[in-house]
Structures are given as C-alpha cells and as structure tokens.
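Visitor: give me coordinates for this.
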Amino acid sequence: MIAVLQAHPYPDRSRANRILARAIDDLPGVVVRSLYDLYPDFAIDVDAEQRVLTAADVVVWQHPLYWYAAPALQKLWFEKVLAGGWAYGPGGDALRGKGCLWAVTTGGDDADYEPAGMHGHRFDTFASVVRQTALFCGMTWLEPFVVHGASRIDDETLHDWGERYRDRLIALGAGKEVRHA
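Guide: Model prediction:
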C-alpha cells in the first residue's frame, strides 16, 4: 500500500497539486490523506496517522515548497507523527525500510535553483531537510518527484506531469522502481 500525505494549505488555488491529486485518486492500493482537509484545526490524530504509515510500504509526502520547506501542517505532522520510540530512536523502527517519495511543486523553474539563480542554491539544498527526516526514520529515500515552475506552466504540461506522477506510483506499487538506501 502507498500512503500519500497531501499538504497544500490552499488546494483550491493550486492547479498543480490539484492535477497531481486527480491523477492518482483512483489508483488501487493508494490511500490519499489530505492533511488540510483532515486537520483544518491542526489537531492531528497521531494514532490514525501512525496506523496508516504502519500499513504502508511506501509513504509519499506531497506538498508545495513554502519558504524553502514544507507547509506548516506538514511540518507539524512530522513533529507529532514521527515520534521518538515509534519512528526513530530506541524502539523506533516502525518506518524502517519503507520507501519515501517526496512529491513537491515549486514556483520557481530549474534555473531559479542554481547558485546564480533567484534562490542562490541548487534545489537539492532544500531537499536535504526532508531527505534527512526520512533517513533518520530508517526509510529508504527515493528520487524526488519535482515539478518546477508549477504556477507558470500550462494545463497540458501539468497534465503530463500528472501522468508521470501516476506512472511513478504505479511502478512503486508494483515494486518495479529500484530503491536505493
């Protein structure tokens, strides 16, 4: 089973995240949890979230990049759900060996994420925090699924990205994607 945790604070305003979500909403073996719909008051049901993660083989963290990080509710989800003694530390092996895919959209294009670009760093600089979160929990980090310039690309291109996302999850569900530790 693949658990997709979607965390867009304004899903109705995001063409990209809405198209990505629609591309996978009918996939068998995929459980989608829209965090902002489930927890508009930020009162995360930790037990429910941990049950979903326990059942999953692959966990997908899907969200836009907000100020070089995850949106507030996704960050709080990390803090609450990925608890010591459960996700890391002594006895914290609940996620060990599970695949982790980061599906992220950005407003900037590829060139903006270069040392000479608007953001002054390569995109991987910003990925390191999310990657380390997964690795700290013993998860297997998968090559991220990144849609750059999401707010500026046309609908046809976004739908192509949606199909790529769908294909990626199908491959993960079928065990066809090679995982690297």
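
Visitor: which other helices and strands does the longest helix that the chain contains contact?
Guide: Secondary structure of the chain per DSSP state H: the longest helix is helix 155-173. Using 3 or more Cβ pairs under 8 Å, 6 or more residues apart in numbering; DSSP states H and E as the contact test, the elements touching helix 155-173 are strand 2-6, helix 15-24, strand 58-64, strand 99-105, strand 145-147. The way it works is simple: take the backbone N, C-alpha and C, and place the C-beta from them, glycine included.

Visitor: angle of it against strand 58-64?
Guide: 160 degrees (axes from the mean of the first three to the mean of the last three Cα atoms, to 10 degrees).

Visitor: list the residues that contact the most centrally placed residue in the chain.
Guide: With distances taken as Cα atoms, centre = their mean, the residue of the chain nearest its centroid is Trp61 (1.8 Å). Listed by Cβ atoms under 8 Å, 6 or more residues apart in numbering, the contact partners of Trp61 are 5, 7, 70, 74, 100-104, 130.

Visitor: rerun at 10 Å
Guide: Contacts for Trp61 (Cβ atoms under 10 Å, 6 or more residues apart in numbering) come out as 3-7, 35, 70, 74, 77-78, 100-104, 130, 133-134, 144.

Visitor: hmm, back to that, mind checking which of the helices and strands packed on helix 155-173 is nearest Asp167?
Guide: In terms of Cβ to Cβ, the element of those nearest to Asp167 is helix 15-24, at 9.2 Å.

Visitor: between the closest one and helix 155-173, how big is the angle?
Guide: Going by the same axes, to 10 degrees, helix 15-24 makes 50 degrees with helix 155-173.
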